[in-house]
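>>> got a sequence here, can you build the structure:
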Amino acid sequence: MIGFFELLPFIVLLSVAGTSLYLIFAKRDKDPSEPTGKILQRLYFYLVSFVSLIMVGSGSTILIQFLLQEFLSQNIMSSGPDQVALGTALVVVGAPLWILHWKILNNQIKKSSRPISSQIRKIYKFLALAVSISILAHSATGIVQFLLGTKESSWYQLAALIPFTLIWVFHWRIHDQKNRSSPSPIIGDIYIYLTSLIGLIMAANGLGTILHSLFESSYNSIAGIQTLLESQNGPFSENERDHLSIAITGTLLWILHWLVLDSRKHTSRLKSAYVYVCTIFGGGITFLVGILLLLFTCLAVILGVQNESGKIGPIPGGLTLIIVGIILFTYHFNIIKSPSRHEISAQNGSQILNYSFSFIGLIIGATGIAILTNLILTSITGSGNEIVTEENSWRESTAFGLSNLILGTSLWWYTWLYRIPKLVSIKEETKIIFFTGVVGIGILVSVPSLASIIFFLIKFLLSEDTIVSAIRSSRIPLSVLAASSLIVPYHWLNLRNERASLMESPEQDKDGPIKNVTIFTPTKSEFFVAALEENLGYGISSVEWADPGSESVTLKEDLTEEIAERVQASNGEFVVIIPEPGGVRIYSHN
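Sure thing, here's the model as predicted:
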């Protein structure tokens, strides 16, 4: 497990590399006025620059490692001439090669502005950043492990810090010096927010492991249980100290990229997706799994499930998940709701969260229904040496099924009856999308289950097996079909009602005629335009406002409903919206 989290930062490298290949082969770098030979030449220069840069970084790391071991290590067998020869060869070949190609690229930029906006140049920059940060994260983890006493030496990791930190800083400063008015490239967003997400995962995993250890050791102390592992290693085992090093590295990664490098003024759909993913999956689902474990423990005690002697069960894991989930959910939920975070799309934030948790509640409840149905069928038909013959396993499965049913039903009931009805300006299309998704998924899981049931019934009719044997063989598809049959019909009826309601009161009659709307927008106003289009019910044209002082004007999404009403109330067929401090001016003409 620790090896997986050590390699986790390299996912950034794979993602950036994959996006780079897509951008190149999708021909997004080609200008119609630029010959193909120029693009291939630029690709060659950046490719050689990247390879030579890695050679310089690797060779410098090897030489620095040799010097550290030579002067600081007491192990005389720790280094040799091969190490010096390899490091020197890499630096001697790679450094002049990179300097020469980089100088040629800079001369091309001085002659034309096209190369600086090239997709290949952006790919080179962020690929260098991704490689550097991956190696730095891995090195930082090894150094912390050495300081915590779980690693014998970290000379290579310590040596890698110097060259790859310089490489990262150099390329980040190049990225930071680009034209501020131009939109941030998608590959840059992938680098920033994927690195932030990976750092958050690493930090949450480390924190969870430490909390789990504290809860378990507290129980052992109260119960008077002393484990052999604790007596040998103290309060924290080697595995827990390894996870602490992962948590420290992850926290540094997250702070650097999310709190320091990310600009609050930067508007990006990928940024909003990152925040909502961390809120729903990182915070919400983590919290719900913790509640599920505690609920399962309580039901297991009520049903008389026998635990092994000295075992506390899943209580430490449940408490850990609840704490980690609350921290992640609270932080990111406050970002969504904060009025100062205009770069996060919060127009439909409540709808996204409430409908998402309603759907999650349906999934959890359906799982509970399927488990309990399977248990009932197993108890009726019998199953040889399976769970019915082991009373403790049967009780565990019952407790798990009931805990899923109770948690899922409660979550769906709360969101559907108390949260969703309170949403402001919710549109019929949103409900239709939700109902269609639930019905569609229900049908997708029901069709193969129904096919399996028919298969076993036909097999029963054509053979000498009993009907009990056929039911026993089709317990799982019957359980799935039972869960979907309790959920799909209700949402199907709601889907029909919403469609009928939408047909009776079409959007054109309710909101008035469709007008030709043009809005002058400051940079990075995509979310405002999307919110205004949603309130109007049709698309509008937006042009970037280029006059001096336009960058200081901020368009707030909470004003879109009022602006939409003013647009529809205007006399002319053509409408022009001009932002100003504190609001907008609206002009119309025919």
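>>> tell me which other helices or strands the helix or strand containing Leu461 touches.
Secondary structure from DSSP states H and E places Leu461 in helix 428-462. Under the contact criterion of 3 or more Cβ pairs under 8 Å, 6 or more residues apart in numbering; DSSP states H and E, helix 428-462 touches helix 349-381, helix 467-473, helix 475-504. All C-beta atoms are positioned from the backbone trio N, CA, C, and that covers glycine.
>>> mind listing what's buried in the last one?
The neighbour-count criterion (16 or more other Cβ atoms under 10 Å) identifies 475, 477-484, 487-488, 491-492, 494-495, 498 as the buried residues of helix 475-504.
>>> now, the most widely separated pair of those?
Pairwise distances across the buried residues of helix 475-504 peak at 35.3 Å for Arg475 and Glu498 (criterion: Cβ to Cβ).
>>> where along the protein do the strands fall?
516-521, 541-544, 574-580, 583-589 (DSSP state E).
>>> now do the shortest one, average pLDDT.
In this case it means strand 541-544. The average pLDDT for strand 541-544 rounds to 80.
>>> name the strands paired with that strand and say parallel or antiparallel.
strand 516-521 (parallel) (DSSP bridges).
>>> could you list the domains of the protein?
2-210, 347-505, 511-589 (automatic domain parsing).
>>> where are the low-confidence patches of the stretch 401-550 of the chain?
Scanning the stretch 401-550 of the chain for pLDDT under 70 picks out 424-428, 464, 502-512, 524, 549-550.
>>> rerun that using 80 as the cut-off
For the stretch 401-550 of the chain, applying pLDDT under 80 flags the ranges 422-430, 463-470, 500-513, 522-531, 533-539, 544-550.
>>> would you turn the helices and strands packed on helix 428-462 into a markdown table with distance to Ile453?
Putting the helices and strands packed on helix 428-462 into a markdown table (distance: least, Cβ to Cβ, whole Å) gives the following:
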| stretch | distance to Ile453 |
| --- | --- |
| helix 349-381 | 12 |
| helix 467-473 | 9 |
| helix 475-504 | 5 |
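>>> need the domains of the chain in TSV (columns: distance to Ile315).
Below are the domains of the chain laid out as TSV (distance: least, Cβ to Cβ, whole Å):
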stretch	distance to Ile315
domain 2-210	14
domain 347-505	13
domain 511-589	43
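>>> show me the contacts for Phe45.
By Cβ atoms under 8 Å, 6 or more residues apart in numbering, the contact list for Phe45 reads His101, Ile104, Leu105.
>>> what count of nearby residues applies to the first one?
Close neighbours of His101, defined as other Cβ atoms under 10 Å, add up to 20.
>>> which residue, other than its chain neighbours, is closest to the residue nearest the centre of the chain?
Residue closest to the mean C-alpha point of the chain, counted by Cα atoms, centre = their mean, is Val277 at 4.8 Å. Using Cβ to Cβ, 6 or more residues apart in numbering and skipping the chain neighbours, the partner closest in space to Val277 is Leu197 (7.4 Å).
>>> what is the burial count for that neighbour?
Count around Leu197 with other Cβ under 10 Å applied: 20.
>>> that one is in contact with Ala273, isn't it?
No. Using Cβ atoms under 8 Å as the test, Leu197 is too far from Ala273 to be in contact (10.1 Å).
>>> roughly how far does Arg566 sit from Ile302?
Distance, Arg566 to Ile302, using Cβ to Cβ, to the nearest Å: 60 Å.
>>> neighbour count: these two, which is higher?
Arg566 (15 against 11).
>>> which ones are touching that one?
Ile586 are the contacts of Arg566 under Cβ under 8 Å, 6+ apart.
>>> and the pLDDT at it?
84.
>>> same check on Val575?
87.
>>> look at Ile454 and say how many residues are nearby.
Neighbours of Ile454 (other Cβ under 10 Å): 12.
>>> so what's it up against?
Ile454 neighbours (Cβ under 8 Å, 6+ apart): none.
>>> how far away is it from Leu462?
From Ile454 to Leu462 the distance is 12 Å (Cβ to Cβ).
>>> and what of Val584?
Counting by Cβ to Cβ - Val584 and Leu462 are separated by 73 Å.
>>> more neighbours: the two, which one.
Val584 (18 against 8).
>>> the more buried one pairs with what?
Pro579.
>>> isn't it up against Val567?
No. If you go by Cβ under 8 Å, Val584 and Val567 don't touch, sitting 9.8 Å apart.
>>> run through the stretch 101-250 of the chain and note the low-pLDDT ranges.
Using pLDDT under 80, the flagged stretches of the stretch 101-250 of the chain are 109-120, 151-154, 174-188, 219-239.
>>> if you set the cut-off to 50 instead, what comes out?
176-183, 229-234 (pLDDT under 50).
>>> could I get the full set of helices for it?
Secondary structure of the stretch 101-250 of the chain (DSSP state H, counting those that start in this stretch): helices at 119-147, 155-176, 186-223, 228-233, 238-254.
>>> closest to Gly349 out of those?
helix 186-223 (17.6 Å).
>>> angle of the closest one against helix 238-254?
150 degrees (axes from the mean of the first three to the mean of the last three Cα atoms, to 10 degrees).
>>> show me what helix 186-223 is packed against.
Looks like helix 186-223 contacts helix 10-25, helix 119-147, helix 238-254, helix 269-277, helix 315-337 (3+ Cβ pairs under 8 Å, 6+ apart).
>>> now what about the last one, what contacts it?
Put plainly, it is helix 315-337. Counting by Cβ under 8 Å, 6+ apart, 200, 204, 207-208, 211-212, 215-216, 219, 275-276, 278-279, 282-294, 297, 341, 344, 346, 349, 353 sit against helix 315-337.
>>> could I get that helix in CSV with only the CA atoms?
Taking Å, rounded to 0.1, in the frame of the first residue of the first chain, the C-alpha atoms of helix 315-337 are listed here in CSV:
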residue,chain,number,x,y,z
ILE,A,315,-15.4,1.6,15.0
PRO,A,316,-11.9,3.2,14.6
GLY,A,317,-12.3,3.1,10.9
GLY,A,318,-15.8,4.6,11.1
LEU,A,319,-14.7,7.4,13.4
THR,A,320,-11.7,8.2,11.2
LEU,A,321,-13.7,8.4,8.0
ILE,A,322,-16.3,10.6,9.7
ILE,A,323,-13.6,13.1,10.9
VAL,A,324,-11.8,13.1,7.6
GLY,A,325,-15.0,13.5,5.6
ILE,A,326,-16.3,16.4,7.8
ILE,A,327,-13.0,18.2,7.3
LEU,A,328,-13.0,17.8,3.5
PHE,A,329,-16.7,18.5,3.1
THR,A,330,-16.8,21.6,5.3
TYR,A,331,-13.8,23.2,3.7
HIS,A,332,-14.9,22.7,0.1
PHE,A,333,-18.6,23.4,0.8
ASN,A,334,-17.6,26.8,2.3
ILE,A,335,-15.6,27.5,-0.9
ILE,A,336,-18.8,26.8,-3.0
LYS,A,337,-21.0,29.0,-0.8
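>>> any stretches of the stretch 251-400 of the chain with poor pLDDT?
384-389.
>>> if we go to 90?
Flagging of the stretch 251-400 of the chain using pLDDT under 90 yields the residue ranges 259-273, 300-317, 335-352, 377-397.
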